[in-house]
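1. after the sequence you'll find the predicted model.
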Amino acid sequence: MYVAVKGGEAAIDAAHGWLAAERRGDPALPELTLDQIAQQMTLAVDRVMAEGSCYDRGLAALALKQARGDAIEAAFLLRAYRTTLARFGAAEPLDTGGMRIARRISATYKDLPGGQVLGPTFDYTHRLLDFALAAEGAPPATVPEREADTAVVPRVAELLAREGLMQREPQGEAEPTDLTRDPLTFPADRSARLQNLARGDEGFLLGLGYSTQRGYGNAHPFVGEIRQGRVTVEFTPPELGFPIAIGEIDVTECQMVNQFKGSLTEPPQFTRGYGLVFGHGERKAMAMALVDRALRAEELGEEVTAPAQDAEFVLYHSDNVEATGFVEHLKLPHYVDFQSELENIRAMRADAMGALKQAAE
Amino acid sequence: MEQGYNFAYLDEATKRMIRRAILKAVAIPGHQIPFGAREMPLPYGWGTGGIQVTASIIGPNDTLKVIDQGADDTTNAISIRRFFARVAGVATTEHTAEASIIQTRHRIPERALREDQILVYQVPMPEPLFRLEPRVAETRRMHALAEYGLMQVRLYEDIARLGRIGTAYNYPVMVNARYLMSPSPIPAFDNPKMDRMPALQLFGAGREKRIYAVPPYTPVKSLDFDDHPFRAIRAPHACTLCGSTSSYLDEVVTDDRGGRVFVCSDTDYCQSRREKAA
Amino acid sequence: MNDLLPGFADPVLDAQSAFRAVLEAMSRPGRIVAIDRLPEAPVPLMPAAAAVLLTLADADTPVWSDAGDRVVAWLGFHAGCPIASTPLAARFVLATGAAPALDALDPGSEEEPQFAATLILQVQALERPMDGGPEARRSESAAYADKLGSGWRLTGPGIEHAHHLHVIGAPTDFLAQWRAQRPLFPCGVDVILCAGTRLAALPRTVQIEEG
């Protein structure tokens, strides 16, 4: 006699217990601390903060630990926590011109005011596995001495803009769109697009950005400037009426310089693609800048032909928390709908077989 | 109840935003209203829209039932029911008749719903036109103009090619003769239950960030043609457990030699029939 | 600000309860619903209208009101809503006296009819003639029966056959205004009628006839 399946509740509890044991791994080994993750897995923490839309190294480290190192799962944990926080208002725009710079490079000038600052980059490392790292207890590396440079480092885009060669972005007083509070609508303004990209999946943006370099979209990008470092966050409490500093965060900014042939109303000039992400996320900031520029095709009167230029396509599919949820929901039971399909296909086959048989006779 | 979170998890500003959307959805039956869906602690695609709707309407006097595939004991239904027991401390039930709010994925209970009940659907893809036109800006225009010829054409192509309409679930409906609406992926068998239902029906799509509604006693008509009227499909068998010949059945494979039984998908309905018979 | 009356005693659960009342009213047009967890409202704001506004209005919804400074201050403090300078610019329009015309309010657009305004219209009384509450029983007095008029017969989504509703104190040309906005559907203003602690709603879909 068939008995209906029961016991889902017990199965869920058992699965959670097993998951916790897997997360911990061999209990004979010391447990990872959040400080270790925050200090030694910094780029993973940065990515989780960026895609989790929440700047908090400690929470991002916790999310990574809980997620067993799965960056998307960790970003999801952080976002779900973020939504429960009270919102006090919008910060003043970050002044990345006043950044305390750890790294700053330009590909468009050999040298420039403020200089090229290589910083802590993988760029010129040889990708040879360092077996010395496998043996723990190596003496700590030291940061090379460097002149304390507090001078303001002018931005490359600004140097071009002063000459009239770089299109200036419109200044607006309006508070930018906030996609965590309002749904995406189309046409999406630049602030909505940039926020979407800043929260977007690094891999998705990387692939899209790459596609613009391979002919899918008419891109001729130069890295005007990448800068990475620390900026001050300011907030104006309504009761004070003037901005006060509330903290400092690390960000990576990329400004891509692109040629623009001009239009009826604008002379030929350079236009910019912009990328800004939490922490050290150079790859993501560059990909974001490429895609931002591609998404400006329509407003600049360029032909929209490539996936990266298609705002609905890009913005609706960039979010990895949404994407992973919907892709993975396919493993939820669908047997009710499948049953309908079964009955339908059986009926259609019966019709078709009958017709074939008739034809054969 | 879980400490550190607001009643029913969502903050009050979010609830107000969702409540405003729900009221407008009721006032414009079948029209999808974009809303600022929040990130929930459950994954997108797993019922976050339904959960946000339920969280915005539920109160301490409610009794909640959650079903997935018609069953209360499927893992995702258990998970959602536990979530509300945890964050709202509400009573839960597996009995359709005892529930004031029923959150569902993919089914409408067999037992007729009453005026004092609200049915909340989890919706993965609220746009009925998305396979014909993926662009949201374009479908919005089509709804504004009630331009639904494309959908009729698609259904008719099925008839021309297959002799019947090939859609067996998520079968599109017209609400109050104005808006084309996705009933969510319920089997077409359930579509007629939506028509002039005494209970309020609310639909939440979290990932797609849309809310819509069908008020009580509102005409809901499955699209069809005079020469090919809509047909509700069910397996032509009786339930192995309760003998029902009118409920929607799941086919359960019992061995690898073609053995199978058919049982009610609505577990509460099946159980109460068996209790009555005993 | 010293004479500011309190809002909801329990902002979370009172709002939930009031919302369910409004949802019930909007889902079943013309059915009278009582709100039982009410704030203390400053005159001339009726308790039901006050509960509706505290439940639905906030910083994202400009409110237009004819109810005077005390009410505006109370709304600003408890709901934090901006005050619209014209009825057209408001998401919620509160009318305690002579109501602005329906066509002076935002009806939404065909693509986004959800942005239509909601009119919260205070009236003297709401009665359901069929079963007769205490007020209806008093209506034996000829003057009151006269005021009741023939009442409204409502049909449309949310209504099984027909709902009957007596509204005392609605604008005299209200039905004509309502008929004028019906062809605009899906655009149109939704109305919440409030009388004392009770309310009834008229979503834009409802058809109203006399009788």
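-> Yep, it's here. Residues are numbered from 1 along each chain as shown, chains lettered A, B, ... in the order given.
2. chain B - how does it break down into domains?
-> B:12-222, B:234-278 (automatic domain parsing).
3. return the residues of chain C in contact with chain B.
-> Residues of chain C lying close to chain B (C-beta under 8 Å from any C-beta of the partner chain) are C:11-13, C:15-17, C:19-20, C:22-23, C:26-28, C:55-61, C:91, C:109-111, C:113-114, C:116, C:118, C:157-160, C:185-186, C:190, C:203-205. (Glycine included, C-beta is placed from N, CA and C.)
4. neighbours around residue B:14, how many?
-> 21 (other C-beta atoms under 10 Å in any protein chain shown).
5. just the element for it, please.
-> In this assignment (DSSP states H and E), residue B:14 forms part of helix B:12-27.
6. quick check: which element contains the residue nearest to residue C:202 when sequence neighbours are not counted?
-> Excluding the flanking residues, the one nearest residue C:202 by C-beta to C-beta, 6 or more residues apart in numbering or on different chains is residue C:191, at 4.2 Å. In this structure, residue C:191 sits in strand C:190-195 according to DSSP H and E.
7. for that strand, give the mean pLDDT please.
-> Strand C:190-195 carries an average pLDDT of 98.
8. which of the residues in that strand are buried?
-> Within strand C:190-195, the residues scored as buried using 16 or more other C-beta atoms under 10 Å in any protein chain shown are C:190-195.
9. any idea whether residue A:194 is helix, strand or coil?
-> helix (DSSP: H, G, I helix; E, B strand; the rest coil).
10. which residues are in contact with residue 219?
-> No chain specified, so I'll use chain A. When contacts are counted by C-beta atoms under 8 Å, 6 or more residues apart in numbering or on different chains, residue A:219 touches A:212-213, A:258, A:290, A:293-294.
11. other chain: chain B
-> Contact criterion C-beta under 8 Å, 6+ apart gives B:175-177, B:195-196 as the residues in contact with residue B:219.
12. let's go with 10 Å and repeat that
-> B:29, B:173-178, B:194-196, C:157 (C-beta atoms under 10 Å, 6 or more residues apart in numbering or on different chains).
13. pLDDT score assigned to it?
-> 98.
14. how much space separates residue B:235 from residue A:350?
-> 14 Å (C-beta to C-beta, to the nearest Å).
15. just to revisit the earlier point, okay, and which of the residues of chain C next to chain B map to helices?
-> If you go by DSSP state H, these have C:11-13, C:15-17, C:19-20, C:22-23, C:26-27, C:55-56 in helices.
16. out of these, which comes closest to residue A:62?
-> Residue A:62 lies nearest to residue C:12 out of these, by C-beta to C-beta, at 28.4 Å.
17. tell me, how many neighbours does the closest residue to the closest one other than its chain neighbours end up with?
-> The shortest distance from residue C:12 to any non-neighbouring residue, by C-beta to C-beta, 6+ apart, is to residue B:7 (5.0 Å). Around residue B:7 there are 21 other residues, counting by other C-beta under 10 Å.
18. contacting residues for the residue nearest to residue C:202?
-> Taking C-beta under 10 Å, 6+ apart, one finds B:27, C:26, C:29, C:93, C:95, C:99, C:102, C:105, C:117-121, C:170, C:174, C:178, C:200-204, C:206 in contact with residue C:191.
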